[in-house]
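A.B. asks: dropping the sequence and predicted coords here.
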Amino acid sequence: MDPILQKANDLLAPALVFHTNIVADRAEGIYVRSTDGREYMDFTSGLAVLNVGHTHPDVVKAIAEQAERLIHSGCIFHYPVLTRLAERLRQITPDCIELFFFSNSGAEAVEGAIKLARYATQRQSVIALVGGFHGRTLGAISLTSSSARYRRHYHPLLPSVLHAPYPYCYRCPMGKTR
Ligand SMILES: Cc1ncc(COP(=O)(O)O)c(C=O)c1O
């Protein structure tokens with residue numbers, strides 16, 4: 001077995017579910033090169049968050065510049081790029097979206113969305129679609145139903161979460177043909 005995979009088995013919590021045994025060394029655009037010298041086309045786009053590809057030079061430059069200037073504020077300080085990003089998003093999103101919440105991960109965004117929906121509507125139940133993946137935190141796995149492995153061992157989950165069938169016309173869960 002590849003020594004990195006062996007170390008991953010020995011040292012990483014199983015809550016982290018890896019989808020392949022590829023050990024990536026570096027990546028550029030759509031290509032990922034593994035430590036054993038193979039090259040792969042990455043059709044996952046980092047699960048849809050690398051829409052400009054891996055290590056895009058503009059993204060690398062922006063990360064490096066910010067890292068040299070200020071890595072962490074912990075909401076103790078304000079800093080210009082955060083409000084600049086909110087301003088840019090304000091320009092390209094519909095007028096009804098007035099405020100922005102930035103988080104570290106998809107799961108944290110989902111947690112924020114659940115809280116916002118409850119706060120704004122004063123209703124408690126949440127509807128999620130069968131087969132969806134929403135992340136691995138406790139609130140997010142309450143909505144996730146793509147695989148039982150994400151939820152097993154973690155009950156009781158968030159109450160008042162209802163799962164509805166996804167409108168999937170190819171293999172309709174309601175048996176409809178049109
Ligand atoms: C639709 C969707 N929601 C939420 C998440 C969770 O994101 P993260 O792994 O950054 O917590 C993912 C991650 O794949 C996702 O695809």
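C.D. replies: Cool, got the structure. Predicted model only: the values in this text are computed from it and were never measured.

A.B. asks: quick one: name the residues of this structure near the ligand.
C.D. replies: The chain has residues 47, 105-107, 110, 133-135 near the ligand, with proximity defined as C-beta under 6 Å from any ligand atom. Where C-beta positions appear, they are placed from N, C-alpha and C, glycine not excepted.

A.B. asks: go with 5 Å
C.D. replies: 47, 105-107, 134-135 (C-beta under 5 Å from any ligand atom).

A.B. asks: same list (these) but as TSV, adding neighbour count.
C.D. replies: Shown next, in TSV, are these (neighbours: other C-beta atoms under 10 Å):
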residue	neighbour count
47	9
105	13
106	17
107	19
134	23
135	18
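
A.B. asks: make sure residue 140 is indeed in a helix.
C.D. replies: Yes: judged by DSSP: H, G, I helix; E, B strand; the rest coil, residue 140 forms part of a helix.

A.B. asks: now do the contacts for it.
C.D. replies: 106-107, 110-111, 134 (C-beta atoms under 8 Å, 6 or more residues apart in numbering).

A.B. asks: identify, from the residues you listed, the entry nearest to residue 172.
C.D. replies: residue 134 (22.9 Å; C-beta to C-beta).

A.B. asks: where does the closest one land in three-state SS?
C.D. replies: Residue 134 - assigned by three-state DSSP - is coil.

A.B. asks: residue ranges with poor pLDDT in the protein?
C.D. replies: For the chain, no stretch has pLDDT under 70.

A.B. asks: ok, the closest residue to the ligand within the chain - contacts?
C.D. replies: Closest residue of the chain to the ligand, C-beta to the nearest ligand atom: residue 106 (2.1 Å). By C-beta under 8 Å, 6+ apart, the contact list for residue 106 reads 47, 49, 134-135, 140.

A.B. asks: gap between it and residue 113?
C.D. replies: 10 Å (C-beta to C-beta, to the nearest Å).

A.B. asks: same question, residue 157
C.D. replies: From residue 157 to residue 113 the distance is 16 Å (C-beta to C-beta).

A.B. asks: more crowded one of these two?
C.D. replies: More neighbours surround residue 113 than the other of residue 157 and residue 113, with 17 against 14 (other C-beta atoms under 10 Å).

A.B. asks: assumed that one was part of a strand.
C.D. replies: No: per three-state DSSP, residue 113 lies outside any strand segment and is helix.

A.B. asks: within the sheet, what are the partner strands of the helix or strand that contains residue 33, with directions?
C.D. replies: Per DSSP states H and E: residue 33 is located in strand 31-34. Paired strands of strand 31-34, with direction, are strand 24-28 (antiparallel), strand 39-41 (antiparallel) (DSSP bridges).

A.B. asks: okay, now the domains of the protein?
C.D. replies: Listed domain ranges for the chain are 3-60, 106-164 (source: automatic domain parsing).
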